[in-house]
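Colleague: quick one, fold the following:
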Amino acid sequence: MSIQETARRTFSSLANENYRKFFFGQTTSLVGTWMQTTAQSWLVLTLTHSATDIGWVVALQTLPVLVLGPYGGVIADRIDKRRLMVVLQTFMGIQAATLALLTLAHMVTYLDVCVLAVVLGLNNSFENPSRQAFVLEMVGADFLRNAVSLNSTMNNVARAVGPAVAGVLIATVGEGWCFAVNALSFIAVVGSLLAMDTSALRPSPPAPRTRGQLVEGLRYVVRTPELGVPLLMMALVGMLAYEFQVTLPVLADSVFHGNSVAYGGMTAAMGIGAVCGGLVTATRGRTGMNALIRSSLVFGVVVTFAALSPVLAVAFVALALVGFASVSFLAMANSTLQLKTDPQLRGRVMALWAVAFMGSTPIGGPVIGWITSQFGARTGLAVGALSCFVAAVIGVAAIRRQRARGIDLR
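Modeller: Now for the predicted structure:
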């Protein structure tokens, strides 16, 4: 395959004008989001000097997703997803601006950060399932896997750029300016949504407002192993392996004796690796249980490597590999779910995806925070690696169990 053909295949979804607007608007906004994520963890560490407190903030930010996420999926199946995202992205910008003003005025407290984390989580409960399901409406089934992989790449380009910029800003002018930049970045994503050609969208038929829709979505997943098993794997890995907001600040500060620039560099290294992983997945990515199991095993191996890194330079390399593996796992799980879901239930299934990925953090964040506080950041990372191996075992067991029933999950 020539370089030009590879490039066309890798970026095929960007030929869609609506998706192209969405992609670049989201990329701008996500740079700001990662700046805020980095600055928020460092701010909490500065205010409280406690990894456990960082874990509680992360938990509070994701608790609404656990509680309200499934209902957010019901709403996504009922109404216009694009209009809902415009409203919610606007509120997210207001949340960031509030945090910026409090921090720049030197009035921010740990309680303020906790309250605003809950506010952001409430927005995410409804915005995330709408955004996930909206991708298919923009690009169609033929380009969905490519678009999902590019979305992961977009997120991780932002993860490479945002934390690196945040580390410099924190060291020079303070955390408040990171929150301010994030507030301004929401102008780009709201503008991209408003500028779309709505006639070119392919909206799923809205689900009628009836009783029992939430339970219907849950029952649908339970009776469909192709959906239930990947969600279970994602819940376990999301709960314990993706708590990098908790472990990396402590790894930078206590293990390698670095400052905010070192922390930003570690997160940026993950982002650079994830960009590479996203591009490879967009070009050659697979879906299905076998691919997901392999990806989970690789993810566990590289997180173990990061946990054992003897010096900061080796940690940068390890975290780049972690980024590569993490985005591959996410993209494969996301694409597998969307392609196997009934269109009228897609919002509810993707809401459960958000619950599995982010909604499990109210449990995992404090747990990993406590483990990190008691036993160190290396142990916190090691527990995450173990969760990846256990998830792979769950996947293998499910394939064998369903094969005995004459069902092929591969």
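Colleague: I'd say L231 and A354 touch.
Modeller: No: L231 is beyond contact range of A354, at 10.5 Å (criterion: C-beta atoms under 8 Å). No exception for glycine: its C-beta is placed from N, CA and C like everyone else's.
Colleague: more neighbours: which of these two?
Modeller: Between L231 and A354, A354 has the larger neighbour count (other C-beta atoms under 10 Å), namely 26 against 21.
Colleague: assign a three-state SS to G174, would you?
Modeller: Following DSSP: H, G, I helix; E, B strand; the rest coil, G174 is assigned to coil.
Colleague: which residues touch D112?
Modeller: Counting by C-beta atoms under 8 Å, 6 or more residues apart in numbering, D112 touches L99, L102.
Colleague: element containing it?
Modeller: Here D112 sits within helix 110-139, counting by DSSP states H and E.
Colleague: same deal with T341?
Modeller: Short version, using DSSP H and E: T341 is in no helix or strand.
Colleague: give me the nearest residue to it, chain neighbours excluded.
Modeller: Leaving aside its chain neighbours, T341 sits nearest to V349 (4.6 Å; criterion: C-beta to C-beta, 6 or more residues apart in numbering).
Colleague: ok, that neighbour - how many residues close by?
Modeller: 26.
Colleague: what mean pLDDT does whichever strand or helix holds it have?
Modeller: Per DSSP H and E, V349 falls inside helix 346-354. On average, the pLDDT along helix 346-354 is 76.
Colleague: list the buried residues in the helix or strand following it.
Modeller: Per DSSP H and E, helix 346-354 leads on to helix 361-375 as the next helix or strand towards the C-terminus. Buried residues in helix 361-375, counting neighbours by 16 or more other C-beta atoms under 10 Å, are found at 361-373.
Colleague: Y263: which of those is nearest?
Modeller: T372 (14.0 Å; C-beta to C-beta).
Colleague: wait, the closest one sits on D53?
Modeller: No: here T372 lies out of contact with D53, judged by C-beta under 8 Å, at a distance of 11.3 Å.
Colleague: now the helix holding D112 against helix 346-354, angle please.
Modeller: Angle of helix 110-139 versus helix 346-354, following axes from the mean of the first three to the mean of the last three C-alpha atoms, to 10 degrees, is 140 degrees.
Colleague: next, the angle from helix 110-139 to helix 361-375.
Modeller: Going by the same axes, to 10 degrees, helix 110-139 makes 130 degrees with helix 361-375.
Colleague: pLDDT below threshold where in the stretch 101-250 of the chain?
Modeller: 156, 159-160, 207-214 (pLDDT under 70).
Colleague: and the strands in it?
Modeller: Using DSSP state E, counting those that start in this stretch, no strands are found in the stretch 101-250 of the chain.
Colleague: which helix or strand contains the closest residue to N155 other than its chain neighbours?
Modeller: Leaving out its chain neighbours, the residue that sits closest to N155 by C-beta to C-beta, 6+ apart is L30, at 5.6 Å. Here L30, judged by DSSP H and E, is contained in helix 17-48.
Colleague: roughly how far out does that helix sit from the chain middle?
Modeller: 11 Å (C-alpha atoms, centre = their mean, to the nearest Å).
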